[in-house]
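Colleague: Here is my input; please provide its structure:
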Amino acid sequence: MALIIIMMIAIGAIIGGFTNYLAIKMLFRPYKTLYIGKWRVPFTPGLIPKRQAELAEQMGKVVTRHLLTPEGIKKKFLNDNFQREMTSFVQREMENFLCSEKTPAELLKTFGITDVHVKAEVRINEWIDEKYESIMGKYRHQSLRTVIPATIIEKVDAKLPVISDFIIQKGVDYFSSYEGNRRIQKMADDFLKERSGVLGNMLQMFMGNMNIADKLQPEIIKFLKNEGTADMITALLQKEWNNVLEWEAEKLEKQFKKDELLTMIKTSVSKLLNLEHVLQTPLSTLTVSFRNEVIEIVSQNGVKFFVEWLSARIDHLMERLRLQEIVRQQVETFSLEQLEEMVMTIINKELKMITFLGALLGGIIGLFQGILALLLN
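Modeller: Model (predicted):
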């Protein structure tokens, strides 16, 4: 009697366990539809292979509606810890970049951009030509007084007395020197030679052997140091400056010649920028004076700005990314072996427990069947 009950339990457990095991396998197996002749074998292919497209569609919806939601991503972006981590990461990356021994030219070369300084200078020169024509086309027939900003005119007016004093001081220094004395003497000698008549003879008789330069030199210096001389030179400069301000811009262009003026501007800009030197200097050298400030300011403000900008547009970005479609396409392209492996990796223990549970239930059913059979007999 006991042997019958044990056999019934064993048979029930085997049937229950195998049935559940087979049902689990039939989720994936067989991968393809099987035929016997023209007759299609029932339950082929397995449930998941048969409904892979539907599974992919549903997984896409689950991911976008419940996992990667705009609200969840916004919450993550606006989290203080996340922002601190991002700021630290950006600071490290910026420091590594700005401390690099690579030059701007080398970095640009990685993007396929070569001869940068030559191309940049060509573009800058073209820009100068365009700006020059644009400005001169607008102001060519206007007086310089209307073209030059009033603040600059006022500054020049204020500097005229200073220029006058500078000219006088340079004159005093020159005429006080030995070279100045020789120049005065030569001018006096030339003057007397040109007047070799009665006037010249009278001057020579009057001066005798006295050096004319020694007489004229202190008088010239005295004249230069006189307050009226400074006022006179300032007035002359002011008059000429006012005359220049009445010129049309076109006259200035003619005075300096357009081509020469443009060449001078381009040369000055080129020397000021010195692009070739800048592009061949390592980033660590170029940024040494402001590196810490840039890292501190850009990392904090940049991360804050980027997070706020992205959070405000995350709905639109996720819509444009079409994550649901991406997930669906990825799942659809999975091979059935990959899909089975992925699912089994996640729920393998649970599926084994289902098999054991089927065996347990089968054994219990077999026990009841055995007891029922004995009672009926």
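
Colleague: quick one: the strands in this structure?
Modeller: Secondary structure of the chain (DSSP state E): strands located at 35-36, 39-40.

Colleague: Scan the helices and strands of this protein for the one with the lowest mean pLDDT.
Modeller: helix 198-207 (a mean of 53; mean pLDDT, DSSP states H and E).

Colleague: Tabulate the strands of the chain (a markdown table), appending mean neighbour count.
Modeller: Where you see a C-beta, it was placed from the backbone N, CA and C, and this is true even at glycine. Listed next are the strands of the chain as a markdown table, based on neighbours: other CB atoms under 10 Å:
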| stretch | mean neighbour count |
| --- | --- |
| strand 35-36 | 8 |
| strand 39-40 | 10 |
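
Colleague: Save these as TSV, and put in mean pLDDT and distance to residue 75 too.
Modeller: Below are these laid out as TSV (pLDDT from 0 to 100; distance: least, CB to CB, whole Å):
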stretch	mean pLDDT	distance to residue 75
strand 35-36	75	53
strand 39-40	77	50
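
Colleague: Please convert the ones you listed to CSV, extending it with distance to residue 18.
Modeller: Below are the strands of the chain laid out as CSV (distance: least, CB to CB, whole Å):
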stretch, distance to residue 18
strand 35-36, 23
strand 39-40, 24
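
Colleague: nearest to residue 328, of those?
Modeller: Set against residue 328 and scored by CB to CB, those come closest in strand 39-40, at 27.5 Å.

Colleague: List the buried residues of stretch 319-328.
Modeller: Residues 324, 327-328 are the ones in stretch 319-328 that count as buried (16 or more other CB atoms under 10 Å).

Colleague: With stretch 96-109 instead?
Modeller: 98, 103-105.

Colleague: Now for residue 107: which residues touch it?
Modeller: Counting by CB atoms under 8 Å, 6 or more residues apart in numbering, residue 107 touches residue 283.

Colleague: hang on, I meant residue 358
Modeller: Residue 358 touches 16-21, counting by CB under 8 Å, 6+ apart.

Colleague: In helices only, show me the buried residues of stretch 96-109.
Modeller: Judged by DSSP state H, the buried residues of stretch 96-109 include 98, 104-105 as members of helices.

Colleague: nearest to residue 351, of the residues you listed?
Modeller: residue 98 (54.3 Å).

Colleague: Against residue 178, how distant is the closest one?
Modeller: 58 Å (CB to CB, to the nearest Å).

Colleague: low-scoring pLDDT stretches of the stretch 1-150 of the chain, where are they?
Modeller: Low-confidence segments of the stretch 1-150 of the chain (pLDDT under 70): 1, 41, 43.

Colleague: Give me the domain ranges for this protein.
Modeller: According to automatic domain parsing, the chain comprises the domains 2-76+346-376, 103-142+248-281, 153-247.

Colleague: Check the offset of the longest one from the chain's centre.
Modeller: Centroid separation for domain 2-76+346-376 versus its chain: 57 Å, with CA atoms, centre = their mean, to the nearest Å.

Colleague: and what of the last one?
Modeller: Computed by CA atoms, centre = their mean, the chain-centroid distance of domain 153-247 equals 60 Å.

Colleague: how long is it from one end to the other?
Modeller: The stretch domain 153-247 measures 14 Å between its terminal residues, going by CA to CA, to the nearest Å.

Colleague: Then the second one?
Modeller: The first and last residues of domain 103-142+248-281 sit 5 Å apart, counting by CA to CA.

Colleague: residue contacts, residue 221?
Modeller: Contacts here follow CB under 8 Å, 6+ apart; on that basis residue 221 touches 172, 175-176.

Colleague: Pick out the lowest-pLDDT one from these.
Modeller: Lowest-confidence member of those: residue 175, scoring 83 (pLDDT).

Colleague: Correct me if wrong: that residue contacts residue 184.
Modeller: Yes. At 7.1 Å, residue 175 counts as touching residue 184 under the criterion of CB atoms under 8 Å.

Colleague: which residues do these two both contact?
Modeller: Counting by CB under 8 Å, 6+ apart, the residues touching both residue 175 and residue 184 are 217, 220.

Colleague: Next, format the domains of the chain as CSV and append distance to residue 301.
Modeller: Shown next, in CSV, are those (distance: least, CB to CB, whole Å):
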stretch, distance to residue 301
domain 2-76+346-376, 20
domain 103-142+248-281, 23
domain 153-247, 37
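
Colleague: Test my guess that residue 108 contacts residue 117.
Modeller: No. Counting by CB under 8 Å, residue 108 does not reach residue 117; the two are 10.2 Å apart.

Colleague: joint contacts of the two?
Modeller: Joint contacts of residue 108 and residue 117 (CB under 8 Å, 6+ apart) are residue 279.

Colleague: circling back: and of the domains of the chain, who's closest to residue 90?
Modeller: Comparing these under CB to CB, the one sitting nearest is domain 2-76+346-376, at 16.7 Å.

Colleague: Show the contacting residues for residue 141.
Modeller: Taking CB under 8 Å, 6+ apart, one finds 248-250 in contact with residue 141.

Colleague: so where is the stretch 151-300 of the chain shaky, pLDDT-wise?
Modeller: In the stretch 151-300 of the chain (pLDDT under 70), the answer is 191-213.

Colleague: which residues of the stretch 1-150 of the chain fall in helices?
Modeller: Ranges of helices within the stretch 1-150 of the chain are 2-25, 47-50, 52-62, 70-77, 80-98, 104-109, 116-139, 144-147, 150-176, based on DSSP state H, counting those that start in this stretch.
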